[in-house]
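Colleague: structure for this input, please:
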Amino acid sequence: MSRQYSPRSFFRHAPNAMLKRYFAKHGVLTEYDFGAITETKIEPIYQAWLSLPDTQRGEMERDFKAIDALACEGGVKAIIDEAEWHDENLADILSEHGDFHTKAFWVFLERPKYWPAASAFCRADAISNSQWNECRTINNSAAQVDDASIRNLEKVLSHYFHNKEGRGRNCTVEPYRRGKLDYFFAYPEDYAHASIEWEGPTFKRSARHPAFEIIFVYSQDEGKISLYMKGNRDTKKEVRALFADTILGLELGEFVEDDRVYALAPLQSSNPQFKFSPDSGIQSVAIKKFRLALNSTKERITLEANPAHNPNAIYELRDKLCTHIPLSQLTITQVGILVTYVPDPETGRNSTRSFDINWPNSCSLRHDGKDAIIRKMLIASDIEPRTR
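Modeller: Numbers count the residues shown, from 1 in each chain. Have a look, this model is predicted:
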């Protein structure tokens, strides 16, 4: 997601066979023998593409940017998740294709119905954990995703932003299901922007009305609403209340801010006992980083050690520090944890996952895949607070 898009780079990464199919569909560049052109010698095709009419080339570039955005591990995962919702297992099919650009391009051509949701999921996955705001509901109400509820959410969001901020006159909401999570991508109309642009050979200034994005993710199992949007704390709370009322049928007081606190005190003692089941795929868990706060001041100390050969390395390093500062004067405010998985039976290699927990209630883990398994381990180990 962070890769900078450029047309020339895209042509180098996109397989010629996919480019041939794409251009044939649009009835252009059909005179080129793509089979005779090596994958990296794309300059003649690129120059021919540049000569196309601006409008046609602009539409193609929009497609190329979309394909490039999903040509990554996260993009392919999002595609597979959306295909799963449609009862298709794409993992085996995509494994037969080469790199990420080949996989993404194939899906764009062969499974276009998966594209909107996969693109939205990929954007949501790229948002850092610290930018999400969460709250808990008092029950586990099912999300209402019928057309009437979605149209109602569009109306209440439009009315809220139009009356409070003078924007949001129009709004659309796109709901998607991903595993056990309900996603709602809302696009209210933003303030008008002055756009300075070229339209063919004409340079002009135009008024545009872009959309801004709001994302709601609801977990019925956890009774949790996660919200991503730009704005102040009060606005976020009010928008979340509108969502809870419209989609979950909850009133104020039936959901609360997530005030759960991670219990880091048990990690003060060396050899902490992490609890996980044999079928979790986890081989071992070790602490590799501490951030310690001095109780009498605002000063903080960060310690890091490699637990690969000595799981207690971080504690030995901390004990050296404690020859100068008593342990009773130090409080853990951040911990870095390394999870090592059982070796792959084919390669014999161990994969790992590193993550941070920041006191009081921030964790860099996501809530799906292997991260969800790690969270279960943290709950069983009495570190992550249990769901209310």
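Colleague: what pLDDT, on average, does stretch 133-150 get?
Modeller: Stretch 133-150 comes out with an average pLDDT of 89.
Colleague: buried residues in that stretch?
Modeller: N133, E134, C135, R136, T137, S141, A143, Q144, V145, S149, I150 (16 or more other Cβ atoms under 10 Å). In this view, the C-beta of every residue, glycine as well, is placed from N, C-alpha and C.
Colleague: pretty sure the fourth one contacts S226?
Modeller: What that stands for is R136. No - R136 sits out of contact with S226 when judged by Cβ atoms under 8 Å, with a separation of 10.7 Å.
Colleague: next helix or strand past the longest helix anywhere in the chain?
Modeller: Ordering each helix of the chain by length in residues (DSSP state H) puts helix 147-165 first. Downstream of helix 147-165, the next assigned helix or strand under DSSP states H and E is strand 171-178.
Colleague: that next one pairs with which strands, and in what direction?
Modeller: strand 181-188 (antiparallel) (DSSP bridges).
Colleague: which outside residues touch the strand it pairs with?
Modeller: 120-121, 124, 143, 145, 150, 153-154, 157-158, 161, 167-168, 170-177, 211-220, 243, 247, 367-368 (Cβ atoms under 8 Å, 6 or more residues apart in numbering).
Colleague: swap in stretch 114-128?
Modeller: Contact with stretch 114-128 is made by 1-2, 66, 69-70, 72, 74-75, 77-79, 81-83, 85-86, 107-108, 174, 176, 178, 183, 185, 213, 215, 217, 228, 366, as judged by Cβ under 8 Å, 6+ apart.
Colleague: keep only those of those residues that are in helices.
Modeller: Among these, the members falling in helices (DSSP H) are 66, 69-70, 74-75, 77-79, 81-83, 85, 107-108.
Colleague: closest one to C322 out of these, please.
Modeller: Proximity of the ones in helices among the contacts of stretch 114-128 to C322 (Cβ to Cβ) peaks at G74, which lies at 41.3 Å.
Colleague: for the stretch 251-388 of the chain, give me the ranges with low pLDDT.
Modeller: 252-253, 255-260, 296, 298, 386-388 (pLDDT under 70).
Colleague: hey, C-alpha coordinates of the longest helix of the chain in CSV?
Modeller: Provided in CSV are the C-alpha atoms of helix 147-165 (Å, rounded to 0.1, in the frame of the first residue of the first chain):
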residue,chain,number,x,y,z
ASP,A,147,-31.3,-1.8,2.1
ALA,A,148,-33.6,0.3,4.4
SER,A,149,-31.0,0.3,7.2
ILE,A,150,-28.2,1.3,4.9
ARG,A,151,-30.2,4.1,3.3
ASN,A,152,-31.1,5.3,6.8
LEU,A,153,-27.5,5.4,7.8
GLU,A,154,-26.7,7.4,4.7
LYS,A,155,-29.5,9.9,5.6
VAL,A,156,-28.5,10.3,9.3
LEU,A,157,-24.8,10.8,8.4
SER,A,158,-25.6,13.3,5.7
HIS,A,159,-28.0,15.2,8.0
TYR,A,160,-25.4,15.3,10.8
PHE,A,161,-22.5,16.6,8.8
HIS,A,162,-24.6,19.0,6.7
ASN,A,163,-26.1,20.6,9.8
LYS,A,164,-23.0,20.6,12.0
GLU,A,165,-20.2,21.2,9.5
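Colleague: show me what counts as buried in it.
Modeller: Going by 16+ other Cβ under 10 Å, helix 147-165 has these buried residues: S149, I150, N152, L153, E154, L157, S158, Y160, F161, H162.
Colleague: one step back: now pLDDT too, for the ones in helices among the contacts of stretch 114-128, in JSON lines please.
Modeller: As requested, those are arranged in JSON lines below (pLDDT from 0 to 100):
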{"residue": "A66", "pLDDT": "95"}
{"residue": "A69", "pLDDT": "95"}
{"residue": "L70", "pLDDT": "96"}
{"residue": "G74", "pLDDT": "92"}
{"residue": "G75", "pLDDT": "95"}
{"residue": "K77", "pLDDT": "94"}
{"residue": "A78", "pLDDT": "96"}
{"residue": "I79", "pLDDT": "97"}
{"residue": "D81", "pLDDT": "95"}
{"residue": "E82", "pLDDT": "96"}
{"residue": "A83", "pLDDT": "96"}
{"residue": "W85", "pLDDT": "94"}
{"residue": "V107", "pLDDT": "97"}
{"residue": "F108", "pLDDT": "97"}
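Colleague: from the residues you listed, pick the one nearest M377.
Modeller: Relative to M377, the closest of the ones in helices among the contacts of stretch 114-128 is K77; by Cβ to Cβ it sits at 21.5 Å.
Colleague: so what's that closest one up against?
Modeller: If you count contacts by Cβ under 8 Å, 6+ apart, K77 has them with D125, G369.
Colleague: hmm, 10 Å instead?
Modeller: Counting by Cβ atoms under 10 Å, 6 or more residues apart in numbering, K77 touches L70, A91, A118, F121, C122, D125, D368, G369.
Colleague: just the buried members of these?
Modeller: Taking 16+ other Cβ under 10 Å as the criterion, what is buried in the contacts of K77 is L70, A118, F121, C122, D368.
Colleague: now the residue nearest the centre of the chain, what are its backbone angles?
Modeller: For the chain, the residue nearest the mean C-alpha position is D125 (0.8 Å; Cα atoms, centre = their mean). Here is the backbone geometry of D125 (degrees, to the nearest 10): phi -70, psi -30.
Colleague: in three-state terms, label the closest residue to A265 other than its chain neighbours for me.
Modeller: Residue nearest to A265 in three dimensions, not counting chain neighbours: I332, with 7.3 Å by Cβ to Cβ, 6 or more residues apart in numbering. Three-state assignment for I332 (DSSP: H, G, I helix; E, B strand; the rest coil): strand.
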